[in-house]
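Trainee: structure for the following, please:
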Amino acid sequence: MARKLGLEGKVVVSFLLTKQGEVKEIRIEESSSHKLLDENAVDTIKKCSSLFPVPPTDVKVRLPISYRLERAFKE
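Mentor: Below is the predicted model of the structure:
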């Protein structure tokens, strides 16, 4: 949907990665100004939570996520 609307932007998300490997306290630190991109960034963190390495102690993570469309031009 965001692609069809031509939305681009950067979202900065923060979350707590626990020593048990859980992702908690997901927050938007900096909005892209597009609700759809912001919500997608939070959903992406939730879906990828099992891929993060388990830290020895709880860690606060701040992650920038950029949404950029690459346009292909035909000549």
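
Trainee: can you pull the contacts of I45?
Mentor: Under the criterion of CB atoms under 8 Å, 6 or more residues apart in numbering, the neighbours of I45 are V13, F15, V23, I26, L63. The way it works is simple: take the backbone N, C-alpha and C, and place the C-beta from them, glycine included.

Trainee: for it, give me phi and psi.
Mentor: Geometry field for I45 lists phi and psi as phi -60, psi -40, criterion degrees, to the nearest 10.

Trainee: who wins for neighbours among the contacts of I45?
Mentor: Each of those was scored by neighbours using other CB atoms under 10 Å; the highest score is F15's, at 22 neighbours.

Trainee: that one touches E29, doesn't it?
Mentor: No: with the criterion set as CB atoms under 8 Å, F15 and E29 do not qualify as a contacting pair; they are 9.9 Å apart.

Trainee: about what we covered before: so which of the contacts of I45 are in strands?
Mentor: Under the assignment DSSP state E, the contacts of I45 contribute V13, F15, V23, I26, L63 to strands.

Trainee: isn't the fourth one right next to D43, touching?
Mentor: No: using CB under 8 Å, I26 and D43 do not qualify as a contacting pair, with a distance of 9.5 Å.

Trainee: nearest to P55, out of the contacts of I45: which one, please.
Mentor: Distance to P55, by CB to CB, is smallest for V23 among these, at 11.4 Å.

Trainee: the closest residue in space to that closest one that isn't next to it in sequence - how many residues pack around it?
Mentor: Nearest-residue entry for V23: S49, 3.9 Å, with adjacent residues in sequence omitted and distances by CB to CB, 6 or more residues apart in numbering. Summarising burial for S49: neighbours were counted as other CB under 10 Å, giving 15.
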